[in-house]
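> here is a sequence together with a model predicted from it:
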2 protein chains.
Amino acid sequence: MSMVEHHCCRPPDHSPLLTTQAVLNSRLRCIGCGATPDAAAQNFRCTACGELLEFFFPGWTSASPPFDVTTLKAMWLERRQSTGKELASLDQSGVWRFRELLPHIPVEHVITLREGNTPLYSLPRCARAAGVDHLQAKHQGMNPTASFKDTGMTVAASSARQDGFRWVACASTGNTSASMAAYAARGDMRSLVLIPEGKISWGKLSQSLDYGALTCQLRTDFDGCVRILNELVRERPIYLLNSVNPYRIEGQKTSAIELLEQLGWETPDHIILPGGNLGNSSAIGKALLEMQELKLVSRLPKLSIIQAEGANPFYRSVREFNGEKLEPMIAETRASAIRIGNPASWKKALRVLRATGGEVEQVTEFEIASAKAEIGSDGIGCEPASAVTLAGLKKLRRRGFIRAGDSVVLILTGHLLKDPDFTIRFHRGELFDAASSAAGQEMKSLQRAPVVIDADLGAVIAALNAADRNS
Amino acid sequence: MSMVEHHCCRPPDHSPLLTTQAVLNSRLRCIGCGATPDAAAQNFRCTACGELLEFFFPGWTSASPPFDVTTLKAMWLERRQSTGKELASLDQSGVWRFRELLPHIPVEHVITLREGNTPLYSLPRCARAAGVDHLQAKHQGMNPTASFKDTGMTVAASSARQDGFRWVACASTGNTSASMAAYAARGDMRSLVLIPEGKISWGKLSQSLDYGALTCQLRTDFDGCVRILNELVRERPIYLLNSVNPYRIEGQKTSAIELLEQLGWETPDHIILPGGNLGNSSAIGKALLEMQELKLVSRLPKLSIIQAEGANPFYRSVREFNGEKLEPMIAETRASAIRIGNPASWKKALRVLRATGGEVEQVTEFEIASAKAEIGSDGIGCEPASAVTLAGLKKLRRRGFIRAGDSVVLILTGHLLKDPDFTIRFHRGELFDAASSAAGQEMKSLQRAPVVIDADLGAVIAALNAADRNS
């Protein structure tokens, strides 16, 4: 089995990445048996026990933090002003701006599209609907390819280039393949997307095609694609960019750091995330724990994870099996970005759920669609999977786990334009049968199908008056 | 006829917008007869001659600039670091960060989604294809609703709120209605979209629906919608957000200021824009002229405007009629964002074309599609209308108007996800008949349709090898 070298342990004097701070050594560690291999296998799993790997930083200790916190925060902020200098492209990235907490990759290998730097929005209407006073949303859908995947992909794709790979690959029909294809093109590498034949979603694939990916439809199911992909990376020098890749988790960490910076380093009471493959929950949680260890923040928020009822293996693992096992399932939900029955990162996510004291919750298809329309009413567009956060907040609020005075941040993971069909069908009343739904009236009040009228001033004024009465 | 008050002449002591600079008075002026009304009519046209209005700043003179240029540039840059302060939401906007050059709107009325702040990308593959050494793209598709419209909408929607309007309206089936609906929702106003029945594009409208617009399909054509809209704003207190609104032009100006800041205030030799309704060309050009007047830059770039062959009224006006008239036409192009036969802002655009010494060009449907795929190969996704810029660059380069050593910036106006159907149909070979096209082979080399193969390692490796041979 060939091995992927990782170059995160270079001495400071070879580093063009850092201007005022020493490079911290980073190392790989197995989350199962604790082994610390010098290099990762091509499938990024522990060669001893088969579990996932993660990065850790041996030089960090709570007793003697390696950074002066005030200096570090000021430097990160100052990089936002960077223009024209050698490192400006790194400074302008919302990921590489925080490079002191990332595995070291020399600047000449870094592939960046100015990812990160995503806005934090207040959600006044949603706050009223959920019964909380302080509600904000961190919108990761404002990344270059319109999903949170970019923050991890910039690090993992850069690692592939550092190691000299010509090809990168993943099995995905959605946001991951779009992001991978963009970063591969940007880094002058080729990308391979494996998808099951007949289950292709053309809309979600338009990005991969545009960015030049080689897309293979295999006569098998999704698990079959993953199997072939794992065989392929053992046989050929192709870099695996599925979510088991620990570089992706490191990049995704930075959105939590950026969030805390936006909040003036004041920890919110709750952060709520969608739960699909659970890589993003793991990454955000890892960042929170590391920030506490480094004394960048003084306390932890509760990190809660929401799943769709039809794709709830993690919810069931926590509620039914106390996290001792996860039973894979056939997942079914219209929130396609979290339609995952066997989440790769569930053990990592369980760890951060426990460490922060967060909760799990599940929500119905109807609750997801309603929540998405409510987020839209605040002028913020997201894909269906992102809306589970608001739907979950409402349930956690009703249960009393979240109180009215608590500060809450929702993580929105993808842009509205990732799935326009869902939006159109919802507003045309094609997703649900209003009559048969207990919440039919509530749903109808959220639907905004176009009205067809004569080209007559009076008719338009009548439509306006009707809308005024209903608002 | 009711009038829209504009509050851009408030004295400095009422201004919470400015921290270290005096507010400059701004005034409206007719581009036709030169009248300077104190307030605009509801249709934003001169009540004397019917021409468009624009903002000007009477206090600006080249002889005695009102700003210290060095201080101004430093302040704009420093605002990028702003967190937590009262004005942070303005400072974090890539539009309001440059508020010294905008009509004054008090901070409590400003509606912002953190628009602007869009990246400037190098395009190495496109540069080689076009035969130029220095090619960059300013990607306005990275705005919150994924098009350049947001930079103007934040200013115009804020003006509507300042004037106390409950309703805003436009006639549009595309990017304008999406942006308007988002900012109206954000500002707690209602929005009305008028579209012709049967010509509705569901994909482009998903955003308006999500953000809660009232969408009326009228039994008429597009001109009929505009006519009803103009009647409506005379009868009812509804604020017109079509591109004749001069506040939109002011907001759109800022992307040129941000571009020059990103270039270290070094003027490029050429800026190339798509030409549709010509509001964006007018805005970028106005910014360039104002920056020269204020001595923020020492020279002007040549601003060139590219149209699709099937929607080329401005190209024909310049080439056939020396800009003396514009003949409206029935526009037809797959680049829907520039499918406009009677551009509202053509006289403003003509003025900046002449002032900067730029050129006009027209490109075919095939050239647009090829250029879009080439931009994608650089890892940058845009909508078809944006790709006319690269197609036009190639023609201007071949004609010798642009030389190999010139520095060129393309303005990309919308994100790839605005029109995924175009991308999918192109790569499936459904847009053009390769056999009948002279450039059929070139087009086939850009097409990346998925391949269907058995779930077999050998088959995947064969596909990889084939792709390697063809790349």
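Received it, and whenever you're ready, just let me know what you need. Numbers count the residues shown, from 1 in each chain, chains lettered A, B, ... in the order given.
> list the contacts for residue A:226?
A:171, A:242 (CB atoms under 8 Å, 6 or more residues apart in numbering or on different chains). For every residue, glycine as well, the C-beta is placed using N, CA and C.
> what helix or strand does it sit in?
Using DSSP states H and E, residue A:226 maps to helix A:222-235.
> and residue A:452, by the same measure?
strand A:451-453.
> same check, this time on residue A:348
Here residue A:348 is assigned to helix A:346-356, by DSSP H and E.
> what about residue A:245, how many neighbours?
When counting by other CB atoms under 10 Å in any protein chain shown, one arrives at 28 neighbours for residue A:245.
> quick one: it from residue A:110, how far?
Per CB to CB, to the nearest Å, residue A:245 is found 16 Å from residue A:110.
> do the same with residue A:177
From residue A:177 over to residue A:110 the distance is 21 Å, taken as CB to CB.
> out of the two, which sits in the busier spot?
Ranked by neighbour count (other CB under 10 Å), residue A:177 and residue A:110 place residue A:177 first, with 29 against 24.
> what helix or strand is the more buried one on?
For residue A:177, the element it lies in under DSSP H and E is helix A:175-186.
> same deal with residue A:305?
Per DSSP H and E: strand A:302-308 holds residue A:305.
> look up the closest residue to residue A:299, ignoring the ones flanking it.
In space, residue A:299 comes closest to residue A:267 once its chain neighbours are excluded; the distance is 5.1 Å by CB to CB, 6 or more residues apart in numbering or on different chains.
> any idea how many residues pack against the one you found?
By other CB under 10 Å, 19 other residues sit near residue A:267.
> with residue A:198 instead?
Counted with other CB under 10 Å, the neighbours of residue A:198 add up to 9.
> surely the residue nearest to residue A:299 touches residue A:300?
Yes - contact status for residue A:267 versus residue A:300: in contact at 6.7 Å, counting by CB atoms under 8 Å.
> where do the strands of the stretch 101-250 of chain A begin and end?
Using DSSP state E, counting those that start in this stretch, the strands of the stretch 101-250 of chain A run over residues A:120-122, A:134-139, A:167-171, A:190-196, A:214-218, A:238-240.
> quickly run through the sheet partners of the first one, with directions.
This means strand A:120-122. Note on strand A:120-122: by DSSP bridges, its sheet partners are strand A:134-139 (antiparallel).
> so what touches the strand it pairs with?
For strand A:134-139, the external contacting residues (CB under 8 Å, 6+ apart) are A:118-124, A:126-127, A:255, A:258-259, A:262, A:268, A:375, A:380, A:382, A:389, A:393, A:405-412.
> can you pull out the low-pLDDT segments for chain A?
Chain A contains residues with pLDDT under 70 at A:1-24, A:61-63, A:65, A:84-86, A:173, A:199-203, A:434-439, A:471.
> so where's the longest helix in it?
In chain A, taking DSSP state H as the definition, the longest helix is helix A:246-262.
> next, the angle from that one to helix A:175-186.
100 degrees (axes from the mean of the first three to the mean of the last three CA atoms, to 10 degrees).
> who are the packing partners of helix A:246-262?
Other helices and strands packing on helix A:246-262, by 3 or more CB pairs under 8 Å, 6 or more residues apart in numbering or on different chains; DSSP states H and E, are strand A:53-56, helix A:69-78, strand A:134-139, helix A:149-162, helix A:279-293.
> out of the ones you listed, which one sits most buried?
When you average the neighbours per residue for each of these (mean count of other CB atoms under 10 Å in any protein chain shown), helix A:149-162 leads with a mean of 30.
> which element is the closest residue to residue A:210 other than its chain neighbours on?
Excluding the flanking residues, the one nearest residue A:210 by CB to CB, 6+ apart is residue B:376, at 3.8 Å. Assigned by DSSP H and E, residue B:376 belongs to helix B:365-377.
> restricting to C-alpha, output that helix in CSV.
Taking C-alpha atoms only, helix B:365-377 is exported to CSV below (Å, rounded to 0.1, in the frame of the first residue of the first chain):
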residue,chain,number,x,y,z
GLU,B,365,-23.6,31.9,-29.1
PHE,B,366,-20.9,29.4,-29.7
GLU,B,367,-18.1,31.8,-28.7
ILE,B,368,-20.0,32.5,-25.5
ALA,B,369,-20.4,28.8,-24.6
SER,B,370,-16.8,28.0,-25.3
ALA,B,371,-15.6,31.0,-23.3
LYS,B,372,-17.7,29.9,-20.4
ALA,B,373,-16.2,26.4,-20.4
GLU,B,374,-12.7,27.9,-20.6
ILE,B,375,-13.4,30.1,-17.5
GLY,B,376,-14.6,26.9,-15.8
SER,B,377,-11.3,25.3,-16.6
